[in-house]
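Participant: This is the structure alone, sequence omitted:
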């Protein structure tokens with residue numbers, strides 16, 4: 001029995017260390033009893049966040065197309081580093097200079113894939129496609145016109 005406890009203790013220590021390191025890929029959903037369910041994918045997180053923000057399924061589809069164009073809907077490069085391109089960070093390619101004050105004020109970290117998507121939802125709800133249209137509109141506008 002002590003060995004099982006030791007394994008569980010090590011597991012929780014590992015989970016705490018992962019949280020401290022900001023590893024977002026282990027974010028999980030909780031059911032009504034606060035039992036951990038399966039980890040949530042970034043796409044599932046975005047869909048839930050869009051709906052919780054009062055936006056529509058259509059908005060989710062638009063945002064998904066934007067982020068496919070911006071980053072192939074990927075937070076990380078193949079080597080495991082966060083995608084940063086010309087100061088734009090992560091899945092949603094959030095521009096650091098334009099938005100760092102607000103996302104820091106909100107306690108969000110654009111290097112965390114879920115925070116990146118949460119801030120992108122806030123930005124989209126406030127400004128629509130405008131923040132992304134200049135740079136990747138040529139890619140996503142034809143794809144969303146019939147949504």
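Facilitator: Here it is on my side, so go on. Bear in mind that the values here come from a model prediction, so they are computed numbers and not experimental data.

Participant: Just after the one helix or strand residue 122 maps to, pick out the following helix or strand.
Facilitator: In this assignment (DSSP states H and E), residue 122 forms part of helix 113-127. The helix or strand immediately downstream of helix 113-127 is helix 130-144, counting by DSSP H and E.

Participant: That next one - what's its average pLDDT?
Facilitator: Average pLDDT, helix 130-144: 95.

Participant: What are the buried residues along that helix?
Facilitator: Buried positions in helix 130-144, judged by neighbour count with 16 or more other CB atoms under 10 Å: 131, 132, 136, 140, 144. The C-beta positions use only the backbone N, C-alpha and C, and glycine is treated the same way.

Participant: which stretches of this structure form helices?
Facilitator: In order along the chain, the chain carries the following helices (DSSP state H): 2-21, 42-52, 57-71, 96-105, 113-127, 130-144.

Participant: Residue 85 is nearest to which of those helices?
Facilitator: Residue 85 lies closest to helix 57-71 among the helices of the chain, at 8.3 Å (CB to CB).

Participant: coming back round to it: for the buried residues of helix 130-144, which one is nearest residue 74?
Facilitator: residue 136 (14.3 Å).

Participant: ok, that closest one to residue 105 distance?
Facilitator: 26 Å (CB to CB, to the nearest Å).

Participant: related to what we said a few turns ago, any idea which of the helices of the chain gets closest to residue 79?
Facilitator: helix 57-71 (14.9 Å).

Participant: could you give the angle of that closest one to helix 130-144?
Facilitator: 100 degrees (axes from the mean of the first three to the mean of the last three CA atoms, to 10 degrees).
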